[in-house]
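1. below: sequence and its predicted model.
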Amino acid sequence: WFISSFCSLNQQSLTRMNLGIIFLTVICLAFADELSDCKCLEGYRPQLDEDGHAMCYGIHVKAFAPCNLIKKPRCQCGPEVTGILNDASGVWCVKYNRGSQVKRWRCENREEWETFFSQHPNIQRASGRN
């Protein structure tokens, strides 16, 4: 039945079917390309959302984020740190006592921050130059 039905299709039907296959192939390749361009942070994987846009979805958490986010280094501080402050002047190691700032110093991994800023010149440095 299938073979006889397929053979009896006229040229116009075959052309429509071919156009449909080509259209679906182009759509699939467009989505595949968008997914392959989507780079996710650790713990996330690229996936298409319900609108067909690539997003990063959490593997172990129910969260999502845009593709291609740049991960900044974590500010490393010594044992006396009680907090890390991120303000307009930069990222700082801070020691607080009863809610008041007692001491502030630069992140101890300054070389890592310098490398990060040299690799991503479009990211603005704060005046603190961390």
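-> On my side now, so go ahead.
2. what does T115 show for phi and psi?
-> phi -60, psi -40 (degrees, to the nearest 10).
3. domain assignment for this protein?
-> 2-65, 70-130 (automatic domain parsing).
4. mean pLDDT lowest for which of these?
-> Lowest mean pLDDT within the domains of the chain: domain 2-65, a mean of 72.
5. just checking, Y57 touches G43?
-> No. Using CB atoms under 8 Å, Y57 is not in contact with G43; the gap is 10.1 Å. For glycine as for every other residue, the C-beta is placed from the backbone atoms N, C-alpha and C.
6. between the two, tell me which one has more neighbours.
-> For Y57 and G43, the more surrounded residue by other CB atoms under 10 Å is Y57, and the numbers stand at 16 against 12.
7. quick check, Q101 in a strand?
-> Yes. Using DSSP: H, G, I helix; E, B strand; the rest coil, the assignment for Q101 is a strand.
8. just give the closest residue to it, not the sequence neighbours.
-> V94 (5.8 Å; CB to CB, 6 or more residues apart in numbering).
9. for the host helix or strand of the one you found, C-alpha coordinates in CSV please.
-> If you go by DSSP states H and E, V94 is part of strand 90-97. Extracted C-alpha coordinates of strand 90-97, given in CSV (Å, rounded to 0.1, in the frame of the first residue of the first chain):
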residue,chain,number,x,y,z
GLY,A,90,35.7,47.3,43.2
VAL,A,91,35.6,44.0,45.0
TRP,A,92,37.1,44.0,48.5
CYS,A,93,37.9,41.7,51.4
VAL,A,94,36.4,43.3,54.5
LYS,A,95,36.5,42.8,58.2
TYR,A,96,33.4,43.9,60.1
ASN,A,97,32.9,44.3,63.8
